Structures are given as C-alpha cells and as structure tokens.
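> Can you look at this prediction? I've put the sequence above it.
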Amino acid sequence: METRPEITKKHKKMHLSRYRNRWGWLLISPAVSGLTLWVALPLLVSLVASLCDWDMVGPPQYIGLNNYKMMFTVDPSFWQAVGVTAYYTFAGVPVQIIVAFVTALLLNTNVRGIRFFRTLYYLPSILPIAVNSVLWLWLFNPHFGLLNIILEWFGFPPQRWVFGSETVIPSFILMSLWSVGSTVIIFLAGLQGIPRELLEAVEIDGGSGWHRFRHIILPLMTPIIFYTVVIGFITGVQTFTQPFMMTGGGPANASLFYVLHLYRQAFQFSHMGYACAMAWFLFVVTMIISGVIFKSSSLWVFYEGEVKK
Amino acid sequence: MTGGVSFAKDVTLTYVYWGSPNEKIAIENALADFETAHPGIRVRPMYLSADFVGIEFSAKMKALAQANVLPDLGYFREEDVGDWYAAGRILDLARYVERDGMDKDYLPQVWMRLDDKIVGSYTAAECQVLFYNKDVLREAGVPEPPTDYRNAWTWDEFVAYAREIVRDRNGRKPGEPGFDPNRIVRYGIGMDLWWAMLFPPLWSNGGDLVSRDGTEFLLDKPESIEVIQKIADLIHVHHVMPYADPSSAAAAAMPAPAIMLANGQLGFFITGQWELLDLAKMDFSLGVGALPIWKKPAQMYISGASVIFQSTPHPEEAWELHKWMMTPEKTLDLYTSGLWMPTKVSWYTNPTDLSKWIDNPVHPKGYKEAVVDSMEIARVVYSAAVKNFARIWGEAIAPELDKVWLGKATAEEAVKAARERVTQLDLLQGAWW
C-alpha cells in the first residue's frame, strides 16, 4: 500500500517524459525535416557531384578531383572571377559600412522630420535587387542616363559606368550604397542603445563632439561594426543578381563575379560537377576568412562590461 | 486533318514555351484552338517567362529532366538540342516528317537534321535587318538604302553615309575641325554585337567564327579580322556608332539603340528581325533596307527550336500538336506583329500567303525585297550544331571581343587571345551534325 504511490508516480513520470519527447519530436519535425531535405541532403549531393562530370541531362560520371584541378590550373576565368569578387568585396564593404555609419549618425540627430528622413533612407533597401538593377541600368546608361547628365552639368566627360571594364566594379559599389538602408537601421539601433550617462560624462569632463565619438560611440559600436563586416563580407562574395541582370559578366569579364561564373558553368555550360566544386571552394574560403575576421575581433571589438587586460 | 491516324482519348499534353506577354497570349490561343479541333486531347501550357540568354529556361528543363517530369513537347534552346538528343531525351521526328510529306512545304533550313534523323524544327524564321529612321536620313541629306539584297550598299558606302549623319553638340561632323567625339548628339549606326549579329558580316566577307563542323577556329582568318576591326572602327575611328552593349552583355540587352533610333538620335540600326515588333510600335518613320555587302550578299537563319521529348507517352498526339504550331495561320499575330517570320515556303513565294503577314502597317515598304527575299540565301547559324558553341562564344570569344569594342585591343590581338582560350579549354569538339 505504501509503495504503490511511488510506483505510480514513477510510471507517470516515464509516461510523461515519453509523451513530452514524442511531442517534442513532432513539433521540431518540420524544421528538422526541412533542414535535412533542403539543406543537408543537397549539400551532400553537391559534394558528391563535385567529383563527377555531370551535364544534368545524362547520369553523372565519377572523375575524382578533376574538377578541382580544372579550377586551379586550367580555367582562366576562375582566377578572373576570384579577383573580381575580391575587388568588389574588399573595396565595397568598407565603403558601405562607412556610408551606412555616417548616415546612421546623421539620422540619429534630433531635427524636424527625422522620421521622414529615416524612412527615405531606408526605402531603397526594400526594393528587390532585380528591380534596383533595372533602375540603375537606366541611371548608368551612357547616352541618356541620369548620372552622365549630372556629370555633364559639372563639366565632366561622360562615363561608361557598368559598360566600361575599369568602371564596372566601382559602379557596382556606388550602386550598393543606395541600398545600405538595412545596415543603417542596425547602426541606428546601436546608436540609440548608447547610455546617455556616458555621453554626458564626456560633456561634464569638457570633451568635444569628437571625443564623444572617438571614446564612447565608436568603441560601443564595434560589436555592431563587427557584425556588419561579417555579413557584408558574406553578401559581397555571393554577389550575383547585379552582374547577372546588368552586365552578363562583361565587358571583357571585368564583372565576372564568382557566383555568376559558377551559375553559368552549372546552367548555361552544363557543368554541374564543376559548379559544385566551385561552390565548395567558395564555402571553404568563406569559412576561413570569416574565421580570420572572428579571430581578429578580440583586437578591436569592445563589449560593454568587458575588462581589457 | 488527321490523315488516317487515330488518336487516343483523354490524352493530356504539356506544351512548354517562353516569350513576351503577346507571344504568351498567341500561343495560348493556338493551343486552345487545337483542343477545339481535337476533342479528347487536352493541352496544358507550361509557360516559362522569357530570359534573353535562356539560362533560366535551361536550368528549369534540366531540373525537370532529372526529376523525369519533362513536358511532352514545346520550345527548346537550340544549342541544347544536340546534347539532349545524344542523352536520349529527344524524339526523332524523321519518320513523321516523311510520312506526312512535310519536307517540301517548309523552308529547307527548318529541320534540325542529325545524320538521317530530325531532332527538331526551328520554331520560326529570323534574320538580320537594317532598320533606319527616314526623317534622320532626309535631314542629313543621306539617300535611303537600296532594298534589293543583291545590290545593296558596300560596307564602305554605308560607313560614308553614316558619317554624314553624325553631329556633335555644336553641329559638327566627324573629321571637321573641333569635332568632339565625347559629345555626340546624333549617331549614324547602332549595331548589336552578340554572336548571331556577327555572322552576316563575317560570312559576307568570307570569314567565320569557327568551321561548321566545329573542328577549326576561323575568327583569326584575315577576312574575319577585317570585319571585327572595321566594326570597331565605327566606334573609335569614324565615331558613327555609340558604344552600347558589349558582346558579353547580351543579357542586359540595353534598349538604347532602338530608343535612340526612334528619338532621332540614330540613323541606322542593324539588329534582329524580331525588333520590328517593338520598333513598329514607336512613333517615327521606320524604313527597312538591305544589309550592306562586304564581298557578297549574306544572310543568316536563326530561331529557337521546337522539339518533342522522348519521354512523351503520346508521340502521335504530340506530333499532331507540333505540326499545328508550325502552321502560321494558327499563330498569325506573331507574324503580323513583326515578331516572327514564317517557316512555310508558300508564305514566302505565294502572293496570297505573303500578304497575310506583310500587308500591314507594321511591315515597312521594301520589307519584301530587303528581308523576305534575302531568306533565299540565309544560312542557318550553327549554334545548335557545333558542340560547345555556348562556351566557345561565352568563355573564349566574347570577353576578348569586348576589348576591341572598348578600344583596348586591336581585332588581331583579340582573336589571337580568343584562339588561345579555345585551345586552353579544349573547346573544339566537332559538331552534332
């Protein structure tokens, strides 16, 4: 009689945990099966495909590491694509972050109609890249594009913009500045999170606006800058839509971005295996560089409450 | 209509196609008419929106092939036909064509023949056309070009007239003192520079990109180099042509030249016949002339392909629909609007049939002599036949030619570099047919 309640309790407990387990599995199953089916499995397939010659019409043929060999030793466009992508990313990301940061600083002031301006600067970033691309194709038009008309007002010669081999990447960077709105929002949120008392402390100590920026705002913003650098880098190396829609990789391969080259190999030239190998190389490189950025963060990213040795 | 062939009941065919909104409607109507005429056969249209270079279409079809859910028949990228036939994905139409005596009724270029097999047919007929703005020519004192394709202007005459049209901001012509090539307000010639557009001038001069059997690189022949250099000279020496689209950017398809022509900022525009669809809708006096001649008249035949897929369970019904779609009456709008030219012989030679598609305000005077008649000498472009053609162009030739159009390399330097790329990537692998 005395032991019974214990047994029942134990039984109940087991039953309950099994019951909970079952529900747990059931509830996470959409996410887990989605991840397995649409992410893990394709990843695995692409790794296998990268070892094959596969035109996607017939069956794949195993060729070992030939695709990787082709990539590093034969394909002249491969290194061109690496160079173009690196140029755009390493020149573009710093410019994008500086512009977004300065814009956020300006939008963090207390002037009349600030909400209007915040909306205005955010608006372009809600346009899909494809729409932006068509729009900018017209702005860049060498013959009746708005940009050349503006240059003309100031007496500068007309430019070829995305249609010139030297100007195409700077043009893409210029275009990317138009849609930094979402980064601006992140910076703005960060700026508004800076404790007022710290800023007031600088004022009481007789510090200038520069001091406030250099010793309070900038250090407190480094975690956010760090985040935008990582995201900006990953977005940069994956740039595809702009060159796909606007230049087709030209002129003279000057905008042959890595992912565009990969896409053309996969779907235009029917080299799915080679494209998969390219994708894996991109993955590894992205991992390594992201790792380096993370490692470097201890040198320059400051977290509130952290004590520097 | 059915010629003794009986069809199964309750058959559903899937017809894949792309095209502009207008083309979509015309095709849908033609498919609906087919259903009415063939009770028991239903047609499910599978519309894939148009993309100029066709990569997205290709990607979609490959995915369908891998999943074994290909449509029964429809449009297909012509450069993929060889690969797909070799992989056993495309139905040989030879016995149907022969059985129904289709051969003599259609232009000889229409059938995509691989040895004794017919792996598809070209959906329409297209060629290169010289369009011009009559008002611009009159204003510049330039005569309208001849319409007889056999007695057209020579290239040099054409360039000389084009120079007369060009004006800078101060009204000066090229060669006059003080002419400012950076401030040109009216140009003489616009020309698309992607691969098909280079064929007629190259062939006219006895040059080529590669040999038709896909074994030889011919762009470095002196005849080819001359054509490339002289086209580049339009931009950098004569200042008659705006630098618009690089060869590699056909995807962007910047509409500049067509709009410039309509605006009176351009005299001549050499482009595809299909541009007539858009040009005819713009409000200006459009003229059509014969293509300038280098050594002998030349014309190309180009079009997307139509195929029946091997996997169809209903080849007989699919062939019936294939034939239906090859009949110009069924999709008449596509011809009268200026988008397509027909594939049927009588629509070129029989005045009654001819008037069905060119007697309208869309097709300018002289169209018959300059365009329709020039199809007599039209050679089929070999983008479908030569293996690796998309790569030979896209990976080896186009990036190098861009440098010539940019004025950064001579034609000779560029074609040499293009040959090196072709060799390095081992792209010359012969032809499918």
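Perfect, thanks for sending it. Residues are numbered from 1 along each chain as shown, chains lettered A, B, ... in the order given.

> can we go C-alpha only for contacts and neighbour counts from here?
Will do.

> residue of the stretch 201-309 of chain A with the smallest distance to chain B?
Nearest residue of the stretch 201-309 of chain A to chain B (CA to the nearest CA) works out as A:Ala252 at 3.9 Å.

> what about that residue, how many residues close to it?
The tally of other residues near A:Ala252 (other CA atoms under 10 Å in any protein chain shown) stands at 24.

> which parts of the stretch 51-200 of chain B sit against chain A?
Proximity of the stretch 51-200 of chain B to chain A (CA under 8 Å from any CA of the partner chain) is limited to residues B:55-56, B:58-59, B:62-63, B:65-66, B:83-84, B:87, B:89, B:182.

> In CSV, list these along with secondary structure.
Below are those laid out as CSV (DSSP: H, G, I helix; E, B strand; the rest coil):
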residue, secondary structure
B:Ile55, helix
B:Glu56, helix
B:Ser58, helix
B:Ala59, helix
B:Lys62, helix
B:Ala63, helix
B:Ala65, helix
B:Gln66, helix
B:Asp83, helix
B:Trp84, helix
B:Ala87, coil
B:Arg89, coil
B:Asn182, helix
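
> What subset of these is buried?
Listed as buried from those are B:Ile55, B:Glu56, B:Ser58, B:Ala59, B:Lys62, B:Ala65, B:Asp83, B:Trp84, B:Arg89; burial here means 16 or more other CA atoms under 10 Å in any protein chain shown.

> Give me the nearest residue to the last one, chain neighbours excluded.
For B:Arg89, ignoring the flanking residues on the chain, the nearest one in space by CA to CA, 6 or more residues apart in numbering or on different chains is B:Gln310 at 5.0 Å.

> Now do that neighbour: how many residues are near it, please.
19.

> from memory it sits against B:Gly88, does it?
Yes. At 6.9 Å, B:Gln310 counts as touching B:Gly88 under the criterion of CA atoms under 8 Å.

> And the strands in chain A?
A:52-53, A:61-62 (DSSP state E).

> The nearest residue to A:Glu304 once chain neighbours are set aside: what's it in contact with?
Closest residue to A:Glu304 apart from its sequence neighbours, by CA to CA, 6+ apart: A:Leu220 at 6.9 Å. Applying CA atoms under 8 Å, 6 or more residues apart in numbering or on different chains to A:Leu220 gives the contacts A:Ile194, A:Phe302, A:Tyr303, A:Glu304.

> from those, which would you call buried?
The neighbour count (16+ other CA under 10 Å) marks A:Phe302 as buried among the contacts of A:Leu220.

> Looking at the contacts of A:Leu220, spot the one nearest A:Phe226.
Proximity of the contacts of A:Leu220 to A:Phe226 (CA to CA) peaks at A:Phe302, which lies at 9.8 Å.

> got a pLDDT number for that closest one?
Predicted confidence (pLDDT) for A:Phe302: 86.

> ok, now A:Trp25?
pLDDT at A:Trp25 comes out at 89.

> same check, this time on B:Tyr243
Looking at B:Tyr243, the pLDDT reads 80.

> number of nearby residues for it?
When neighbours are counted by other CA under 10 Å, B:Tyr243 registers 22.

> Give me the three-state assignment for it.
Look at B:Tyr243: counting by three-state DSSP, its state is coil.

> Hmm, it is touching B:Trp405, no?
Yes. Using CA under 8 Å, B:Tyr243 makes contact with B:Trp405 at a distance of 7.2 Å.

> Pull up the overlap in contacts between those two.
With CA under 8 Å, 6+ apart as the test, B:Tyr243 and B:Trp405 both reach B:Ile235.

> Could you list the low-confidence segments of the stretch 1-150 of chain B?
Scanning the stretch 1-150 of chain B with the threshold set as pLDDT under 70 gives B:1-5, B:50-53.

> got the contact list for the residue of the stretch 201-309 of chain A closest to chain B?
A:Ala252 sits next to A:Ser165, B:Ser248, B:Ala398, B:Pro399, B:Glu400, B:Leu401, B:Asp402, B:Lys403 when contact means CA under 8 Å, 6+ apart.

> Which ones among these map onto helices?
Residues of the contacts of A:Ala252 located in helices (DSSP state H): B:Ala398, B:Pro399, B:Glu400, B:Leu401, B:Asp402, B:Lys403.
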